[in-house]
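Visitor: One predicted model, sequence on top.
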Amino acid sequence: MRRVVRITLAPIMVVLASGALSALDVEAQARGRRGDAAATQPVTLSAQVKAQIGDFYSSRTTTGAEALPPGIRRRLERGKPLPPGIAKRSAPPELSSRLSLPEGFEIVEVGLDVPLVEVATDIVHDVLMDIIR
């Protein structure tokens, strides 16, 4: 009888030990994906940067940009990636050079809107609507 108890406890101990290790591994992986606390903070355009973008586009002559269809425009939201196949253009270099954007982010032109997107994932973090005229 004692021998049976040892045999059944040994696999249980192994399972418990491996479970604890895998929980630690999962936690370490999650920390690695999250990065530091600053990465979890939402990234938005400052009021100064929004004003610079507005001034830039108000001083330009007509760009010929057209509004996005309503269904596509609704999908242009914070926290979501840019819709697949959407026609986006890089912001003009003269505007990009003036702005102080966080590393790994860029602004693009999408229809009449200017979203701030994460370069690696195309996730929208902020949007200036109807800024391009």
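Guide: In hand now; what should we look at?
Visitor: Helices along the chain, start to end?
Guide: Here the chain has its helices, by DSSP state H, at 2-34, 37-40, 47-59, 70-74, 93-96.
Visitor: quick one: which of those has the weakest pLDDT on average?
Guide: Note on those: lowest mean pLDDT is at helix 37-40, with a mean of 46.
Visitor: Stretch 118-132: end-to-end distance?
Guide: 21 Å (C-alpha to C-alpha, to the nearest Å).
Visitor: for it, which positions count as buried?
Guide: Applying a neighbour-count criterion of 16 or more other C-beta atoms under 10 Å, one finds D122, I123, V124, H125, D126, V127, L128, I131, I132 buried in stretch 118-132. Where you see a C-beta, it was placed from the backbone N, CA and C, and this is true even at glycine.
Visitor: now swap in stretch 91-98 and tell me
Guide: For stretch 91-98, a neighbour-count test (16+ other C-beta under 10 Å) marks A91, L95 as buried.
Visitor: Name the residues that touch it?
Guide: Contact with stretch 91-98 is made by Q52, I53, F56, S90, E106, I107, V108, E109, V114, as judged by C-beta atoms under 8 Å, 6 or more residues apart in numbering.
Visitor: change it to 10 Å
Guide: Here stretch 91-98 makes contact (C-beta atoms under 10 Å, 6 or more residues apart in numbering) with 49, 52-53, 55-57, 60, 63, 90, 99, 101, 106-109, 114.
Visitor: export the buried residues of stretch 118-132 to a markdown table and tack on distance to V43 and pLDDT?
Guide: Formatted as a markdown table, the buried residues of stretch 118-132 follow (distance: C-beta to C-beta, whole Å; pLDDT from 0 to 100):
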| residue | distance to V43 | pLDDT |
| --- | --- | --- |
| D122 | 14 | 92 |
| I123 | 10 | 94 |
| V124 | 10 | 94 |
| H125 | 5 | 94 |
| D126 | 7 | 93 |
| V127 | 12 | 93 |
| L128 | 14 | 93 |
| I131 | 18 | 91 |
| I132 | 21 | 89 |
